[in-house]
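Engineer: 3D, please:
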Amino acid sequence: MGIIIAVIIFGLIVMVHEFGHFICAKLSGVRVLEFSIGMGFKLLQKQIGETKYSLRLLPLGGFCAMEGEDEDSDDPHSFRSAKLWKRMIILVAGAGMNFILGFVAIVIMMSMLSSVPTRQIEGFSAIQLEDGTLERRSGSYDSGLRHDDIFYKIDDTRIFSMLDINYILSASPTNVHDVTVIRDGEKVEFDNVTFENASGGTVDFGLVQKEKNPLTIIKGSGEMFMSMGHIVGMSLKQLVSGQAKKEDISGPVGVVTAINETTQESEDIKDTIFQLIYMTSLITINIGIFNLLPIPGLDGGRLIFCFIELIRRKPVKPEHEGYVHLAGMVLLFGIMIMATYNDIVRLITGGV
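Structural biologist: Below you'll find the predicted structure:
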């Protein structure tokens, strides 16, 4: 069941991404030759007007093939015949639709919560003594944090929502951090704040929960959206800088495994739906950001050539650009193979 759900999620994300390219191409007067969901062998195909619509075997990708996208074409409705700004919109539209899907998913997720979490501190951890009184046991309070402080930065990392706080505190090997909060409208910095509660955990404070209404849901969703994008960016930075090992890279198999485990471990159907929506939002935002990276073969790589054309006042020859994108695709396939290998090893070894 989990695998079927994972296929549906991947299919939805790919369809939304490619639909962004498709609809903007159509609106820009660019001829779309084929709109495909999935890769590999064709399962279904239907011609409607000038466009073939196909469903393919492997739900790990898709494409929107436009006339003259990678070669010269005399067709006035080819991709390269369109104005530069229209081409740039077409290229960005895929990631844009991923971001829209991610935000909508987060809004649904926020609507399922009983209240909307914030970055504002409300109380600190305490234990009950034998005489019934409460004694505060909070390292962050002892380090200077107070009720109503709003987290702004932890270790120079901008905090947008509760998700950033949880990510940093759980992923860090230490429980001592430099913290900047907003107190009475001004930024206040604290060095070497120790986050430790009575049981040895790092979450030794509570956060203000706002009552749900359309305004707080939209605001909270926007903050969560920023956090998810932020976490994806931090992960990419760790990968590029070498902080993350190549063995940590996960691919589609790993994502499918995670989704399958989520469906099996969730307490009830509501929790399952919530977790799947969370994963969908994180995956689609991840894909949107990744596609905009200036890597040949990706939308971001194609955008680089648009900017080169903007500066040079003339486009790069299609065959030259094609060679660069081909090299990028070879690199990306290599990364995909390595990620899949890591996923399979983790499955065999049980994650060791």
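
Engineer: please name the bridge partners of K153.
Structural biologist: Beta-bridge pairing of K153 under DSSP bridges involves R158, T180.

Engineer: domains for the chain, by residue range?
Structural biologist: Using automatic domain parsing, the domain ranges for the chain come out as 2-111+274-349, 116-210.

Engineer: show the end-to-end separation of the last one, please.
Structural biologist: One end of domain 116-210 sits 5 Å from the other (C-alpha to C-alpha, to the nearest Å).

Engineer: tell me the mean pLDDT for that domain?
Structural biologist: Averaging pLDDT along domain 116-210 yields 91.

Engineer: next one: that domain to chain centre, how far?
Structural biologist: In terms of C-alpha atoms, centre = their mean, to the nearest Å, the centre of domain 116-210 is set 26 Å apart from its chain centre.

Engineer: do the same with stretch 208-226
Structural biologist: For stretch 208-226, the distance from its own C-alpha centre to the chain's C-alpha centre is 18 Å (C-alpha atoms, centre = their mean).

Engineer: what residues of it count as buried?
Structural biologist: Counting neighbours by 16 or more other C-beta atoms under 10 Å, one finds that the buried residues in stretch 208-226 are V208, Q209, K212, T216, I217, G220, S221, G222, E223, M224, F225, M226. To be clear about C-beta, it is placed using only N, CA and C from the backbone, and glycine gets the same treatment.

Engineer: out of those, name the ones that lie in helices.
Structural biologist: In helices, judged by DSSP state H, the following of the buried residues of stretch 208-226 are found: T216, I217, G220, S221, G222, E223, M224, F225, M226.

Engineer: the protein: helices as residue ranges?
Structural biologist: Along the chain, counting by DSSP H, helices occupy 2-27, 84-112, 139-142, 162-171, 214-241, 252-265, 269-291, 299-312, 318-349.

Engineer: distance to S36 added to the ones you listed, as TSV?
Structural biologist: Below are the helices of the chain laid out as TSV (distance: least, C-beta to C-beta, whole Å):
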stretch	distance to S36
helix 2-27	7
helix 84-112	13
helix 139-142	52
helix 162-171	34
helix 214-241	26
helix 252-265	17
helix 269-291	16
helix 299-312	16
helix 318-349	16
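
Engineer: confidence-wise, which of the ones you listed is weakest overall?
Structural biologist: Of all the helices of the chain, mean pLDDT reaches its minimum on helix 252-265 (a mean of 64).

Engineer: who touches K86 in this structure?
Structural biologist: Contacts for K86 (C-beta atoms under 8 Å, 6 or more residues apart in numbering) come out as C24, S28, V30.

Engineer: cutoff 7 Å now
Structural biologist: For K86, the contacting residues are S28, by C-beta atoms under 7 Å, 6 or more residues apart in numbering.

Engineer: and the gap between it and N291?
Structural biologist: With the distance defined as C-beta to C-beta, to the nearest Å, K86 ends up 19 Å from N291.

Engineer: V32 too?
Structural biologist: From V32 to N291 the distance is 18 Å (C-beta to C-beta).

Engineer: likewise for S115?
Structural biologist: Distance of S115 to N291, given as C-beta to C-beta: 34 Å.

Engineer: who's more crowded, those two?
Structural biologist: Legend: neighbour count by other C-beta atoms under 10 Å for S115 and N291, higher for N291 (20 against 13).

Engineer: hmm, R302 and that one touching each other?
Structural biologist: No: contact between N291 and R302 fails when scored by C-beta atoms under 7 Å: they sit 9.9 Å apart.

Engineer: lovely, talk soon.
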